[in-house]
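[1] The sequence isn't on hand, but the structure is:
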């Protein structure tokens, strides 16, 4: 074998060896990094679990000595809320409330008997753990529709010598509507309401001219989505008859508030239905 060929093969062998060593080094670095990340993740999970364990119990306001919240498992009960609890988790120095919206609270101090955090309003709250867990606190109630019975409304109008009677049957449904509110503790929780489905129908004498179920989703193209999500279809009225057809007015309102939208409903002579916001 020629000397040049031997020299070339030695050079190729060295290059291959360098490539293999570089690949092995890269593999070891990646494996170490992944192992370190895995260990860091496990350590963080352990710290989160420890924090959740430290939070278990009833916490009392440092200034008033009144019970403020109770933590049991992964649920938080608030003293000011006669309602179902909300679920929470811990991630580092953050308490995360899981309800209809994800809300975070920054924890500034957490020790076996001291819990300090910022509310949704930016107020710093300091609590200490109660020595007893027998305080009557944090009970659940069964949430039911406010109105269990169907409400019937009807009105009579005359047009061109004919008598028309329009009905609206307000039917409570099982569909829940979640409305976030700020509690006395400065935390955001969901009040739960039940939406309605309203059946409308128009009669001339004994002849039924039109009938349809109306729900708030039918107004999604004319009412802002953020409002509609937390509102309920609260009322419906028969407004009259004219050459255009039969007229109804629907009310879509925010529970326990005065804000609402009025929607005019027109059923034309071909029984086509259309919606328009009342100006």
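    Now that the structure is in, tell me what you want to look at. Predicted, not measured: the structure shown is a model, and the values here were computed from it.
[2] Which helix or strand contains the closest residue to residue 100 other than its chain neighbours?
    Once flanking residues are discounted, residue 100 sits nearest to residue 178: 3.8 Å by Cβ to Cβ, 6 or more residues apart in numbering. Just so you know, the C-beta spots here come from the backbone N, C-alpha and C atoms, and that holds for glycine as well. Residue 178 is located in strand 162-182, with elements delineated by DSSP states H and E.
[3] those strands in the stretch 1-150 of the chain, which residues are they?
    Ranges of strands within the stretch 1-150 of the chain are 57-61, 67-72, 75-78, 86-91, 94-98, 102-111, 114-118, 124-129, based on DSSP state E, counting those that start in this stretch.
[4] can you list those strands in a markdown table and add distance to residue 277?
    Formatted as a markdown table, those follow (distance: least, Cβ to Cβ, whole Å):
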| stretch | distance to residue 277 |
| --- | --- |
| strand 57-61 | 46 |
| strand 67-72 | 42 |
| strand 75-78 | 37 |
| strand 86-91 | 34 |
| strand 94-98 | 34 |
| strand 102-111 | 31 |
| strand 114-118 | 40 |
| strand 124-129 | 42 |
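[5] So the protein: which segments form each domain?
    The chain breaks down by automatic domain parsing into domains covering 1-54, 56-129, 151-277.
[6] which stretch in those domains is the model least sure about?
    When mean pLDDT is averaged over each of those, domain 1-54 scores lowest at a mean of 65.
[7] hang on, residue 71 packs against residue 53?
    No - in this structure, residue 71 is not within contact of residue 53 by Cβ atoms under 8 Å, at 10.0 Å.
[8] between those two, who's got more neighbours?
    residue 71 (21 against 11; other Cβ atoms under 10 Å).
[9] That one: what's it in contact with?
    By Cβ atoms under 8 Å, 6 or more residues apart in numbering, the residues touching residue 71 are 55, 56, 57, 59, 77, 88.
[10] Please name the residues that touch the third one.
    Spelled out, it's residue 57. Here residue 57 is in contact with 70, 71, 129, 130, 133 (criterion: Cβ under 8 Å, 6+ apart).
[11] Give me the nearest residue to the fourth one, chain neighbours excluded.
    Excluding its sequence neighbours, the residue lying closest to residue 130 (Cβ to Cβ, 6+ apart) is residue 58, at 4.2 Å.
[12] residues near that neighbour, how many?
    22.
[13] what about it, distance to residue 89?
    To residue 89, residue 58 is 20 Å away according to Cβ to Cβ, to the nearest Å.
[14] Likewise for residue 227?
    29 Å.
[15] Likewise for residue 252?
    For residue 252, the distance to residue 89 - Cβ to Cβ - is 34 Å.
[16] how about the spatially most central residue of the chain, phi and psi?
    Nearest to the geometric centre of the chain sits residue 100, at 1.2 Å (Cα atoms, centre = their mean). For residue 100, the backbone dihedrals are phi -70, psi -20 (criterion: degrees, to the nearest 10).
[17] Nothing else from me, thank you.
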